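Novice: sequence first, then the predicted structure:
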Amino acid sequence: AQSVTQLGSHVSVSEGALVLLRCNYSSSVPPYLFWYVQYPNQGLQLLLKYTSAATLVKGINGFEAEFKKSETSFHLTKPSAHMSDAAEYFCAVSPSSNTGKLIFGQGTTLQVKP
Amino acid sequence: GAVVSQHPSWVICKSGTSVKIECRSLDFQATTMFWYRQFPKQSLMLMATSNEGSKATYEQGVEKDKFLINHASLTLSTLTVTSAHPEDSSFYICSAKRGARTDTQYFGPGTRLTVL
């Protein structure tokens, strides 16, 4: 069975600082991995996804994530935080791209301080 | 493009009544829609997968007679919470896939249900 663990329910960084949101997964088959962002009162928006191509995945808004099989991780990073990055971030794993089922982590709230 | 809406955005109802939540794909046809439930400070939990023109597939532990799902058209899926009770109070989120070959889901903004 697949599962996702996001380390840290709340992360606070200063504007301009590095953003690192951690995600570890468990999967018995090669996984598809996703990062979604949720702004207040809005639906989840896809940031990026890993689908067994390049291990370093670049997404929107300057975010990227690296798939590390040996560490079963898919951490999300951004070199320089912006105030507009403050939101809830969800890591998700899909056991199969055909069914589209997503298993979500518990989410990480990113706070950006001026 | 790829906008998904939900209606209503919030609803309060009395215990024992039924509530219908709509999920619409506004600018694309969605062969598959998904319904999730999110409790405060918790993750999204998949409730069911809804395919247009066929019966929904429910996840283990989800009561299909309590959470009725209808996907009558390629742009609309509905979730009806029947005989709602306070423990059904939650945030319900839908998502839609644009076509069978894609793995990207587009999410609605969610519906907050409060059962008194």
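Specialist: Yep, that arrived.
Novice: drop to CA atoms for contacts and neighbour counts, all remaining ones
Specialist: Will do.
Novice: give me every residue that touches residue 80.
Specialist: Since no chain was named, I'll use chain A. Residue A:80 is in contact with A:15-19, counting by CA atoms under 8 Å, 6 or more residues apart in numbering or on different chains.
Novice: wrong one, I was asking about chain B
Specialist: B:18-21, B:66-69.
Novice: got a winner among these for most neighbours?
Specialist: Neighbour tally across the contacts of residue B:80 (other CA atoms under 10 Å in any protein chain shown): the maximum, 26 neighbours, falls on residue B:69.
Novice: count of residues packed around residue B:59?
Specialist: Residue B:59, neighbours per other CA under 10 Å, totals 13.
Novice: tell me how far it lies from residue A:74.
Specialist: For residue B:59, the distance to residue A:74 equals 26 Å [CA to CA, to the nearest Å].
Novice: show me the shaky parts of chain A.
Specialist: A:96-99 (pLDDT under 70).
Novice: which residue is nearest the middle of it?
Specialist: Nearest residue to the geometric centre of chain A (CA atoms, centre = their mean): residue A:35, 3.3 Å.
Novice: nearest spatial neighbour of that one, chain-adjacent residues omitted?
Specialist: residue A:91 (4.6 Å; CA to CA, 6 or more residues apart in numbering or on different chains).
Novice: following the helix or strand hosting the one you found, which helix or strand comes up?
Specialist: Assigned by DSSP states H and E, residue A:91 belongs to strand A:87-94. Past strand A:87-94, further along toward the C-terminus, the next helix or strand under DSSP H and E is strand A:103-104.
Novice: by contact count, what packs against that next one?
Specialist: strand A:3-7, strand A:87-94, strand B:44-51 (3 or more CA pairs under 8 Å, 6 or more residues apart in numbering or on different chains; DSSP states H and E).
Novice: run through who's touching the second one.
Specialist: Residues from elsewhere that reach strand A:87-94 (CA under 8 Å, 6+ apart): A:2-4, A:6, A:23, A:25, A:31-40, A:100-111.
Novice: next, the angle strand A:3-7 makes with that strand.
Specialist: Between strand A:87-94 and strand A:3-7, the angle comes out at 150 degrees (axes from the mean of the first three to the mean of the last three CA atoms, to 10 degrees).
Novice: direction included, what does strand A:87-94 pair against?
Specialist: strand A:32-38 (antiparallel), strand A:103-104 (antiparallel), strand A:108-113 (antiparallel) (DSSP bridges).
Novice: for chain B, see how far away residue A:5 is.
Specialist: 10 Å (CA to the nearest CA, to the nearest Å).
Novice: so that residue touches residue A:27, yeah?
Specialist: No: using CA atoms under 8 Å, residue A:5 is not in contact with residue A:27; the gap is 11.8 Å.
Novice: those two - which one has more neighbours?
Specialist: residue A:5 (18 against 15).
Novice: re the thing from before, what sits against the residue nearest to the centre of chain A?
Specialist: Contacts of residue A:35 by CA under 8 Å, 6+ apart are A:46-49, A:76, A:89-92.
Novice: any chance of these in TSV, plus distance to residue B:79 and neighbour count?
Specialist: Output for these, formatted as TSV (distance: CA to CA, whole Å; neighbours: other CA atoms under 10 Å in any protein chain shown):
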residue	distance to residue B:79	neighbour count
A:46	23	19
A:47	27	22
A:48	28	20
A:49	28	24
A:76	33	24
A:89	25	27
A:90	24	27
A:91	25	31
A:92	23	30
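Novice: and which of these is nearest residue B:91?
Specialist: residue A:90 (15.6 Å; CA to CA).
Novice: which residues does the closest one bridge with?
Specialist: residue A:36.
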